[in-house]
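J.: I'd like to go over a predicted model; first the sequence, then the structure.
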Amino acid sequence: MYHAVGHRPARAAYGLSVAPEAFAAQMELLGARGFTPVTTARLGGAWRTGAALPERPVLITFDDGYEGVHRHALPVLARYGFTATLFVSTGWLRGAYDEGGALDTMLDWDQVRELAAAGTEIGGHTHTHPQLDQLDDRRLAFETVRCREIIAGELGTAPVSFAYPYGYSSRRVRHAVRAAGFAQALAVGNALARRTQGPYALRRVTVRRATGIEEFGRLLEGVAIGRSFAKDRALTKGYAVVRRARRAVRRAGGVLRGVPEGSAPARA
């Protein structure tokens, strides 16, 4: 799981960014070790139908839609003949649907179309990148459906894959993503994806600015992933409790005020 790729990303995007040189070295290692990148759609389809996958399949994914994916990552992917999946937050991309809030310079729709034409799968990542498990039902539906509608309108093909912002989901969120028309969805989890996780909770490992090439190699082979992300997992578990408590308080407040769940107006 990648985010921004750039030499000098904005401070807010820096920790989850990678330098172009590091990305190139990581892709070189993928090729040298015999991995074959596949799209999220192909993986999901194969696990549903039993279709064959290459011997060492790997997903290369980018979240949010940072401009450096086109500027720096696309030429490297083309050099090795690699495919990838880009999950875009449609309200963050430059153009007619831009609602602000992006952390750095984002792709525009011409660049997204160029990535798609080069074989990159374009998936959904909501419209405005909220924590989906904190939304009421109406806003949750808006974020997933609006994102899919915009991508379909811009590219001529509706996306089939989705990634949860921040990796946060719940059974309710997963049901909403499925109802919006997505066939599979990726979380984070910092573990290898397994068929047993189900099509709407597939896990990924995070690649950061601080991920050295030796650690990257271990992540590829599934070695010591638990140790590499022990701190992340502890923080995730703790914050999950906090998020559930916040949502419970909001729901209780709505009931006390006589406001039913999902009645808040959705922002267009």
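T.: Yes, it's here. Numbers count the residues shown, from 1 in each chain.
J.: in this protein, which spans are helices?
T.: 11-14, 20-32, 40-49, 68, 74-80, 109-117, 137-155, 171-179, 213-221, 225-228, 230-256 (DSSP state H).
J.: I'd like to know which of these lies nearest to Gly100.
T.: Of all those, helix 11-14 sits nearest to Gly100, with 13.5 Å by Cβ to Cβ. For the C-beta atoms, the positions are set from N, CA and C on the backbone; glycine is no exception.
J.: contacting residues around that closest one?
T.: Residues from elsewhere that reach helix 11-14, judged by Cβ atoms under 8 Å, 6 or more residues apart in numbering: 3-4, 66, 103-104, 209.
J.: got those as JSON lines, with distance to Asp110, pLDDT and neighbour count columns?
T.: What follows is those, written out as JSON lines (distance: Cβ to Cβ, whole Å; pLDDT from 0 to 100; neighbours: other Cβ atoms under 10 Å):
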{"residue": "His3", "distance to Asp110": "21", "pLDDT": "98", "neighbour count": "25"}
{"residue": "Ala4", "distance to Asp110": "19", "pLDDT": "98", "neighbour count": "28"}
{"residue": "Tyr66", "distance to Asp110": "15", "pLDDT": "98", "neighbour count": "31"}
{"residue": "Leu103", "distance to Asp110": "21", "pLDDT": "97", "neighbour count": "19"}
{"residue": "Asp104", "distance to Asp110": "18", "pLDDT": "98", "neighbour count": "20"}
{"residue": "Arg209", "distance to Asp110": "28", "pLDDT": "97", "neighbour count": "15"}
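J.: before we move on, back to that, for the helices of the chain, which one ends up most surrounded?
T.: helix 68 (a mean of 26; mean count of other Cβ atoms under 10 Å).
J.: how far out from the middle of the chain is that one?
T.: 16 Å (Cα atoms, centre = their mean, to the nearest Å).
J.: ok, the closest residue to Met1 other than its chain neighbours - contacts?
T.: In this structure, Met1 finds its nearest non-sequential neighbour in Arg204, 4.2 Å apart by Cβ to Cβ, 6 or more residues apart in numbering. By Cβ under 8 Å, 6+ apart, the contact set of Arg204 is 1, 59, 61, 186-190, 193.
J.: most neighbours, which of these?
T.: Leu186 (30 neighbours; other Cβ atoms under 10 Å).
J.: Now do it against Phe87, distance only.
T.: 8 Å (Cβ to Cβ, to the nearest Å).
J.: Spell out which residues are contacts of both of those two.
T.: 61, 161-163.
J.: Could you single out the nearest of the residues you listed to Glu215?
T.: Among the shared contacts of Leu186 and Phe87, Thr61 lies closest to Glu215 (Cβ to Cβ), at 18.1 Å.
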